[in-house]
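Undergrad: Could you work out the structure for the sequence below:
(2 chains)
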Amino acid sequence: MAGTAPHSQAGNAAPTRRDFIVITASAFGAVGAAAALWPFVHQMNPSADVLALSSTELDLSHIATGQSVTVLWRGKPVFVRHRTAEEIAQAKKDDTAALPDPAKDETRVKKPEWLVMMGVCTHLGCVPLGQKGDFGGWFCPCHGSHYDTSGRIRKGPAPLNLPIPEYTFLSDTRIRIG
Amino acid sequence: MANNNAPTSGFYANPVVKWIEYRLPVFSTLDHMVGSKYPTPKNLNYWWNFGSLAGLCLVVQILTGIVLVMHYTPHTSLAFDSVEHIMRDVNYGWLLRYMHANGASMFFIVVYIHIFRGLYFGSYKSPRELLWFLGVIILLLMMATGFMGYVLPWGQMSFWGATVITNLFSALPVVGDPIVHWLWGGFAVDNPTLNRFFSLHYLLPFVLVGVIILHVLALHQFGSNNPQGIDVKGPQDTIPFHPYYTIKDAVGVGFFLLFFSFFIFYAPNFLGHPDNYIPANPLVTPAHIVPEWYFLPFYAILRSVPDIWFIEAKLGGVLAMFGAIAILFLLPWLDTSKVRSARFRPIYKQLTWVFLITCIGLGYSGGMPAEGLPLIIGKICTVYYFLHFLVVMPLVGWFEKPTKLPASISEPVLKAQAAE
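TA: Below you'll find the predicted structure:
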């Protein structure tokens, strides 16, 4: 039908006031529809109560040298490791090794004996096992990523080092994560 | 307007049927969809049973799912216990849950055979490209539904499966982390995640119903393909769907229900993972995470991709895994052969079996720890999976000399009869 029908006059004539109204009204309608869509999308983002539960405190005085503690922060494990002198030395020595995600050990700790980092593999989110793997640090059993004594990725599919959460020393023996 | 073509004898002579049919042509519509007015190639073999079997699986999943929801609680503190309550306390709860859990596996078995049937007999070729597209969309929806359903019991595999799969999206540059937090509704898989997965797990099967209606609509445009892969030349090549194929499908349903029942009653947890009977624990990852068996080939592809050039392994694996399905959309154009059925394609015929072995190899690799021989098998199979579609199919289509096609669907049958 469209092929045989004569061309409508509006198609050839100069834009009219009506064209302007149609275009602007449609554009506003589209903006309105997009704005109405946003609440349906944004409702899936973390809610206020989830955002509010965002800090955890931990007493370090009970953690002996060579011992690790795992605490839950924002639904995820955080490793707090009281590193031994050998581990610290190894971590510093490896500063110059071939690192997929280069970082110096001193930038990953506030005090060398305390390594505080997320216990979440940067590959696909599994919890790595402590003091396992080829580099004496952590090993993720899911897909075989090896982390060193500073939590840096050394081997395997994970692209990044174990992330360091925000934390502060409230005193020599107490930290707040988050 | 009343349908002037509506028959007036037999069933349609019934006054109640007549009264309804005059106002709402539901009987004649059904008859045209899956009844005596749907002309079907008369040479369909048992590989053509799997479409209706897939439909049956969806019906079983929806019915059992609706009643399971009457007893299930979608909350992290109650979900696991409510599933155990279904297993121990609810009347026939164990049966309904085992039907639903194994029904998902049956659905994938049936659909994978249905897809392979399409690959072997060239059912994706012109003019059935959109029919094939809708099928791939159905597969994607099934995967999403199956994945989210597996999370609902909130066992260890539920939790860690959800963690690993949602983390796939973190591989995307820049938008990765915001998308993952958006999917989770928090900073880890938690109650908001469970709630939305439950909501979508209930919704998607009905979306599937809608897409399946479109799939059947597209099927009816040119009718079913057939083992010869040649077009229907006239009425002498067809028989009515009902009663011929409704009966043939019913035979398949009988065998299928025996197979299904074996798993429900004798091996209900064979296809599952024992770790999912341990309540979810965000602090401990199971030693060996595996997805449900029907995701294993794709999981193997995910793990088989190393760092390539500037694309790191994580992103590369994710792209390859989604690409493994996306490539199916290109299939009608990657296959350059004009001949549909592999019966008349001596080289492609062999290669479809090589492809099947590749998929099984990927499934094996995906189920094993990512090291040693299984990892090597996974890598080889991943390479061939893509080579098969991107290189082998276009080349074979060009260089292969197909054997002679029969003049019509009837011809080989009549010849065989004459020979007797």
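Undergrad: burial count for the closest residue to B:G378 other than its chain neighbours?
TA: In space, B:G378 comes closest to B:S365 once its chain neighbours are excluded; the distance is 3.2 Å by C-beta to C-beta, 6 or more residues apart in numbering or on different chains. The C-beta positions use only the backbone N, C-alpha and C, and glycine is treated the same way. Using other C-beta atoms under 10 Å in any protein chain shown, B:S365 has 26 other residues around it.
Undergrad: wait, isn't B:S365 in contact with B:E371?
TA: No: with contacts counted by C-beta atoms under 8 Å, B:S365 stays clear of B:E371, the gap being 10.8 Å.
Undergrad: Residue numbers of the stretch 301-420 of chain B in contact with chain A?
TA: Residues of the stretch 301-420 of chain B lying close to chain A (C-beta under 8 Å from any C-beta of the partner chain) are B:303, B:312-314, B:317, B:369-371.
Undergrad: need the contact list for A:G130.
TA: A:68, A:79, A:81, A:137-138 (C-beta atoms under 8 Å, 6 or more residues apart in numbering or on different chains).
Undergrad: If you could redo that for B:L362, that was the one I meant.
TA: Counted by C-beta under 8 Å, 6+ apart, B:L362 has contacts B:296-298, B:300-301, B:378, B:381-382, B:385.
Undergrad: With B:M33 instead?
TA: Residues near B:M33 by C-beta under 8 Å, 6+ apart: B:216, B:220.
Undergrad: for A:I175, helix, strand, or coil?
TA: Local secondary structure at A:I175 is given as strand here, using DSSP: H, G, I helix; E, B strand; the rest coil.
Undergrad: partner residues bridging it?
TA: Beta-bridge pairing of A:I175 under DSSP bridges involves A:L58, A:F169.
Undergrad: any idea how far chain B is from it?
TA: 19 Å (C-beta to the nearest C-beta, to the nearest Å).
Undergrad: burial count for that residue?
TA: By the measure other C-beta under 10 Å, the count of residues near A:I175 is 22.
Undergrad: Quick check: it touching A:E166?
TA: No: applying C-beta under 8 Å as the test, A:I175 and A:E166 come out as separate, 10.8 Å apart.
Undergrad: show me where the stretch 1-150 of chain B has strands.
TA: Secondary structure of the stretch 1-150 of chain B (DSSP state E, counting those that start in this stretch): strands at B:39-41.
Undergrad: re earlier: selecting buried members of the residues of the stretch 301-420 of chain B next to chain A in ChimeraX, what would you type?
TA: Remark: buried members of these, expressed as a ChimeraX selection using 16 or more other C-beta atoms under 10 Å in any protein chain shown:
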select /B:303,312,313,314,317,369,370
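Undergrad: Can you lay out the residues of the stretch 301-420 of chain B next to chain A as CSV showing secondary structure?
TA: CSV is the format used below for these (three-state DSSP):
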residue, secondary structure
B:R303, helix
B:E312, coil
B:A313, helix
B:K314, helix
B:G317, helix
B:P369, coil
B:A370, coil
B:E371, coil
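Undergrad: Contact residues of chain A facing chain B?
TA: Proximity of chain A to chain B (C-beta under 8 Å from any C-beta) is limited to residues A:41, A:44-47, A:50, A:70, A:72, A:74-77, A:123-127, A:140-144, A:157-159.
Undergrad: Now, those residues that are in strands?
TA: Judged by DSSP state E, the residues of chain A next to chain B include A:70, A:72, A:76-77, A:140 as members of strands.
Undergrad: Kindly format the C-alpha coordinates of the helix or strand harbouring B:Y364 as CSV.
TA: For B:Y364, the host element (DSSP states H and E) is helix B:346-367. Output of helix B:346-367 as CSV, limited to C-alpha atoms (Å, rounded to 0.1, in the frame of the first residue of the first chain):
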residue,chain,number,x,y,z
PRO,B,346,29.7,-36.7,3.8
ILE,B,347,32.3,-34.5,5.5
TYR,B,348,30.1,-32.3,7.7
LYS,B,349,28.3,-35.5,8.9
GLN,B,350,31.6,-36.7,10.5
LEU,B,351,32.3,-33.3,11.8
THR,B,352,29.0,-33.0,13.7
TRP,B,353,30.1,-36.0,15.7
VAL,B,354,33.6,-34.5,16.3
PHE,B,355,31.7,-31.4,17.5
LEU,B,356,29.6,-33.5,19.9
ILE,B,357,32.7,-35.2,21.3
THR,B,358,34.2,-31.7,21.7
CYS,B,359,31.2,-30.6,23.8
ILE,B,360,31.5,-33.8,25.9
GLY,B,361,35.2,-33.1,26.3
LEU,B,362,34.4,-29.6,27.5
GLY,B,363,31.8,-31.0,29.9
TYR,B,364,34.4,-33.4,31.3
SER,B,365,37.0,-30.7,31.7
GLY,B,366,34.5,-28.3,33.4
GLY,B,367,33.7,-30.9,36.0
